[in-house]
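Visitor: Here is the input, now give the coordinates:
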Amino acid sequence: QVQLVESGGGLVQAGGSLRLSCVASGRTFADMAWFRQAPGKERDFVAVISWTGGTTNYADSVKGRFTISRDNGKRTVYLQMNSLKPEDTAVYYCATGRRWGSDSTSAGNFDTWGQGTQVTVSS
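Guide: Okay, here's the model as predicted:
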């Protein structure tokens, strides 16, 4: 069973940047995704990257500001977040283990999750 550990969250002012990392305990030959959950809200899709890194997809709310990437040699997926806004405040989770052929933007289709890392953007 693969385990995921996120890091890199913190407090940043609006307009600032953060880079999140997610390290897998074993090799994961699968899509890796980032989701986020604000207090009282559902867990929302942020970005996903294919095993090769050749295919990515982003939520409309983060397109042009966030970049997902991965280094399979280091078993790590990254989320570079620029031009952060207060509405980006949430706990960010990485995920893998998507059911084959299922919607990669739906949290329910992933079976392995990290513990999350808090991102707080002040105005």
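
Visitor: beta partners of the residue most central in space within the chain?
Guide: Nearest residue to the geometric centre of the chain (Cα atoms, centre = their mean): Trp34, 2.0 Å. Beta-bridge pairing of Trp34, defined through DSSP bridges, involves Ala47, Cys94.

Visitor: Now for it: which residues touch it?
Guide: Leu20, Cys22, Val46, Ala47, Val48, Ile68, Val77, Leu79, Tyr92, Tyr93, Cys94, Ala95 (Cβ atoms under 8 Å, 6 or more residues apart in numbering). The C-beta positions use only the backbone N, C-alpha and C, and glycine is treated the same way.

Visitor: Could you report the distance from it to Ser123?
Guide: Distance of Trp34 to Ser123, given as Cβ to Cβ, to the nearest Å: 23 Å.

Visitor: Then Ser25?
Guide: To Ser123, Ser25 is 37 Å away according to Cβ to Cβ.

Visitor: Same check on Thr117?
Guide: Relative to Ser123, and taking Cβ to Cβ, Thr117 is found at 21 Å.

Visitor: which one of these two has more residues nearby?
Guide: Comparing Thr117 with Ser123 by other Cβ atoms under 10 Å, the one with more neighbours is Thr117, at 22 against 9.

Visitor: Could you give the number of residues near Ala23?
Guide: Slight slip there: residue 23 is Val, not Ala. 16.

Visitor: er, Tyr58 I mean
Guide: Neighbour tally, Tyr58, other Cβ under 10 Å: 19.

Visitor: my guess is it contacts Asp44, does it?
Guide: No - checked against Cβ atoms under 8 Å, the pair Tyr58 and Asp44 is beyond contact range at 11.9 Å.

Visitor: quick one: pLDDT of the residue nearest to the centre of the chain?
Guide: You'll see Trp34 listed with a pLDDT of 98.
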